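Trainee: okay, here's the prediction I keep looking at, along with the sequence it came from:
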Amino acid sequence: TLFRSFLVTASVFGWDTLANLLKGKLKWIVYVVFALLLLLPLVHICKYHPHEYVYYNQLCGGVSKNYGYYEMDYYQHSTRAAAKWLDNYLIENKLKGNTPQKIKISSNDHRAIEYYFRNDSAKYYDVGYIRYYERGNSDWDYAISINTYINAYQLQHDIWPPKGTIHTIDVDGKPIAAIIKRENKADYEGSLIKAKLADENLSVEERSDMFGAAISKYREALDFDPNNETALLNLIELYSATNKLDSLIYYTERLVEVCPNENFLSYASNIYTHIYQATNNNVYLNKVFELSEKMIAFNPYSPQNYYNLALWYARIGNINKGNTIMENCIKKNGRRFESQYYQAIYWVQTGKTNDAVDLLQKMIKKYPTHKDECQSVINQIMGQNK
């Protein structure tokens with residue numbers, strides 16, 4: 001707030017100084033230019049109220065050019081407009097109050113929809129929370145999804161909003177909220193079957209039948225929506241458990257194509273790690289390297305991403321490459337605790353235990369709140385040396 005106030009004050013003084021430098025009619029040019037520069041933001045405010053704070057200067061391309069590269073509705077204000085639209089939609093289609101059971105409405109902004117539907121939840125709506133990327137595991141009829149936390153790649157490539165979207169709240173032609181109608185519940189039905197696999201009393205035949213039934217449901221969900229992340233994740237888990245490598249590889253590749261966020265990249269990397277360990281095929285090791293590089297590019301401020309990649313290079317004998325990666329980690333993240341901690345762990349893994357102990361002892365003095373964490377590693381090193 002203080003910085004913004006400074007910018008506003010500096011801007012006012014700047015325009016005033018510029019106007020005073022010019023004389024006569026030329027002075028009015030400053031005011032005309034100033035008014036013209038205000039025109040576009042004013043139009044934006046009038047056109048997109050009450051979501052006018054979702055704004056990027058036209059000099060950098062406006063909202064449409066920055067969509068998927070920077071946050072938009074980070075306060076999730078569009079939930080109100082989405083909830084109001086959905087309520088009107090259900091009234092107009094004579095669904096509100098005319099269904100055997102309450103209509104299930106879920107959102108990743110559940111507290112807001114609980115408030116906006118507070119007068120209707122007792123009779124008409126069953127309101128709940130869903131994580132967007134786990135939406136297929138829950139039972140809902142309509143969902144309100146705000147584009148906060150949606151993967152940038154999906155926003156940039158029109159993978160979000162998902163299939164089933166019946167309305168969007170837009171700013172500058174780009175959706176910031178989506179109302180989704182559940183037209184297919186095969187993924188949820190698959191999750192119900194999959195949950196039964198936890199029963200230890202199942203016979204081999206029963207378990208096999210349930211695996212097949214769950215897989216069939218998730219495939220049905222993908223036939224309806226090829227970008228259904230829930231179905232892809234569950235198919236990967238099921239095929240991993242049944243050790244069907246061809247299908248496992250296919251759906252893992254598909255998951256990375258659909259949503260290359262950090263969590264899914266890490267998950268896919270673990271899958272390829274297990275496949276490499278089972279087959280000793282370097283093709284899958286290269287996949288691990290490729291995904292690890294993507295994870296660093298996606299989040300260059302996660303020291304663990306650097307550590308994981310550096311350790312793989314160390315395992316195949318390329319210590320120098322691993323050292324370079326950890327040096328890049330320190331350069332990018334500075335000498336904060338997490339980056340130094342992973343540097344020490346990497347040194348332990350590569351035999352530089354004395355360097356690791358020296359670093360950890362310095363860290364105990366610098367980061368006293370992490371003393372136990374560092375001392376635990378030192379104790380392990382000392383125990384190994386004995």
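Mentor: Right, received. Where do you want to start?

Trainee: secondary structure class for Val127?
Mentor: State at Val127, reduced to three classes by DSSP: H, G, I helix; E, B strand; the rest coil: strand.

Trainee: what does the longest helix along the chain rub up against?
Mentor: Longest helix in the chain by number of residues (criterion: DSSP state H): helix 26-48. Residues outside helix 26-48 that contact it (CB atoms under 8 Å, 6 or more residues apart in numbering) are 15, 18-20, 22, 52, 54-55, 58, 171-172. For glycine as for every other residue, the C-beta is placed from the backbone atoms N, C-alpha and C.

Trainee: C-alpha coordinates for it, CSV please?
Mentor: Output in CSV follows, covering the C-alpha atoms of helix 26-48 (Å, rounded to 0.1, in the frame of the first residue of the first chain):
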residue,chain,number,x,y,z
LEU,A,26,1.1,23.3,-25.5
LYS,A,27,0.3,22.9,-21.8
TRP,A,28,-3.1,21.5,-22.8
ILE,A,29,-1.5,18.7,-24.7
VAL,A,30,-0.4,17.2,-21.4
TYR,A,31,-4.0,17.2,-20.1
VAL,A,32,-5.4,15.7,-23.3
VAL,A,33,-2.8,12.9,-23.3
PHE,A,34,-3.5,12.3,-19.6
ALA,A,35,-7.3,12.1,-20.3
LEU,A,36,-6.7,9.7,-23.2
LEU,A,37,-4.6,7.4,-21.0
LEU,A,38,-7.4,7.3,-18.5
LEU,A,39,-10.0,6.5,-21.1
LEU,A,40,-9.1,2.8,-21.6
PRO,A,41,-9.0,1.9,-17.8
LEU,A,42,-12.3,3.8,-17.4
VAL,A,43,-13.9,1.8,-20.2
HIS,A,44,-12.6,-1.4,-18.5
ILE,A,45,-14.0,-0.4,-15.1
CYS,A,46,-17.4,0.3,-16.6
LYS,A,47,-17.5,-2.8,-18.8
TYR,A,48,-16.3,-5.4,-16.3
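
Trainee: after that helix, which helix or strand is next?
Mentor: Downstream of helix 26-48, the first helix or strand assigned by DSSP states H and E is helix 62-66.

Trainee: which residues touch Glu262?
Mentor: 295, 298-299, 302, 305.

Trainee: and those, which are buried?
Mentor: When the contacts of Glu262 are checked for burial by 16 or more other CB atoms under 10 Å, the buried set is 295, 298, 302, 305.

Trainee: so where is the protein shaky, pLDDT-wise?
Mentor: 1, 384-386 (pLDDT under 70).

Trainee: so which residues of it form strands?
Mentor: Assigned by DSSP state E, the chain shows strands spanning 103-107, 125-129, 142-146, 165-171, 174-181.

Trainee: make JSON lines from the ones you listed and add distance to Asp87 to it.
Mentor: Formatted as JSON lines, those follow (distance: least, CB to CB, whole Å):
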{"stretch": "strand 103-107", "distance to Asp87": "9"}
{"stretch": "strand 125-129", "distance to Asp87": "9"}
{"stretch": "strand 142-146", "distance to Asp87": "10"}
{"stretch": "strand 165-171", "distance to Asp87": "12"}
{"stretch": "strand 174-181", "distance to Asp87": "10"}
